[in-house]
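Student: mind folding the following:
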Amino acid sequence: MRPIPVRLGPEMAKLGPETLTPLILFWGHRRYSLNMTLQNPHDEAPLRADLLRRLAHKRLRHENGMKELGVNVFTYGCIARERIASVRMRLPVIGVVLCGTKEVWLGDRCQTLPAGSLFVLPRAVSLDVVNLPDERLGLYESLLMEMDGLPVGVEPLTQNERGPAVPGRFLLPMTRDLVEAVAHAAATLTQAPARDRICALRLAEIMMLLRHCPEARPLFDQSTADNVTWQLQSAPSEAWSVERVARLLGIGGSTLRRQLAAEGRTFRQLLMDVRMKTAHAALQAGAGSTVIPPESRGLYK
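Tutor: Purely as a prediction, here's the structure:
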């Protein structure tokens, strides 16, 4: 019998461990042990209420559907309970429940996300999602931000920073700094024409705050090619080598080559792509010329 995490209601939270330990939770015709870490459900309530207040202008206030607010940023709403089975996110997502409740199931483990919750959904993981409209308003809404790679200024996690995985934990712990960063990011979504650039900076701030949060680890998950590209973009014209990048990633050169080969990429290809994109961006920006060191210098080893 596998345990599932359970969020305690106000009355249950008053009970001590000696009372809660023998409890059995029945769900439909299935039976689960009530295995949990006791937490005061009111600890984060003021932060959630403040976040909802500051995001009120992002509410859809209409029926079903999705509304795009910016690049990889959108809101979603529904007016009836819906269950989306075996959904796999294209990119990792950081979201906020604006109204109603979301349940996220990984196998038989469920985490309930009330209004005001910040959450993370990993990419390429099969999840069952249940969206429950608010009983009073008859509406479920959420704000979702897809993370297409790490924002500029946010380094990939080192091997020491990765730590153990925490599958089945999607709810982010709330802090005042995190509430401020999310509210500021949402506010920039209407500030065209520099909206996307400013939003990227705000997302970088959020990522830095979440860097050491185990629940946020999926936001930092990247392919080996992505991690290499991030390092190369820091100084495209320098004399990069496989060994140098491998040291920065905390692995050996032969390991890096094998991992790239498994992804169908090569170091030489990635370095050339980064340099070509850098040159193209410089030309668009009106720079006079961009020097790209030739292959003959042996910088693609």
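Student: chain neighbours aside, what residue packs nearest to Thr101?
Tutor: In space, and not counting its chain neighbours, Thr101 is closest to Leu132: 4.3 Å by C-beta to C-beta, 6 or more residues apart in numbering. Backbone N, C-alpha and C define where each C-beta goes, glycine included.
Student: for that neighbour, give me its contacts.
Tutor: Counting by C-beta atoms under 8 Å, 6 or more residues apart in numbering, Leu132 touches 81, 100-103, 140.
Student: now flag whichever of those residues is closest to Leu69.
Tutor: Proximity of these to Leu69 (C-beta to C-beta) peaks at Tyr140, which lies at 17.4 Å.
Student: gap between the closest one and Arg265?
Tutor: Separation of Tyr140 from Arg265 (C-beta to C-beta, to the nearest Å): 40 Å.
Student: may I see the buried residues of the helix ranked longest in the chain?
Tutor: If you go by DSSP state H, the chain has its longest helix at helix 267-284. Within helix 267-284, the residues that count as buried by 16 or more other C-beta atoms under 10 Å are 267, 270-271, 274-275, 278-279.
Student: which neighbouring elements make contact with it?
Tutor: In terms of contact count using 3 or more C-beta pairs under 8 Å, 6 or more residues apart in numbering; DSSP states H and E, helix 267-284 is assigned the packing partners helix 224-233, helix 253-262.
Student: circling back to that earlier point, torsion angles phi and psi at the residue nearest to Thr101?
Tutor: phi -120, psi 120 (degrees, to the nearest 10).
Student: and the helix or strand Thr75 falls within, which strands flank it?
Tutor: Using DSSP states H and E, Thr75 sits in strand 73-78. Here strand 73-78 is paired, per DSSP bridges, with strand 65-70 (antiparallel), strand 140-146 (antiparallel).
Student: and those, which is most packed in?
Tutor: strand 140-146 (a mean of 23; mean count of other C-beta atoms under 10 Å).
Student: so what's the residue count around the closest residue to Asp273 other than its chain neighbours?
Tutor: Spatial nearest neighbour of Asp273, chain neighbours left out: Thr229 (7.5 Å); criterion: C-beta to C-beta, 6+ apart. Neighbourhood size, Thr229 [other C-beta atoms under 10 Å]: 21.
Student: Thr229 against Leu270, yeah?
Tutor: Yes: in this structure, Thr229 is within contact of Leu270 by C-beta atoms under 8 Å, at 5.6 Å.
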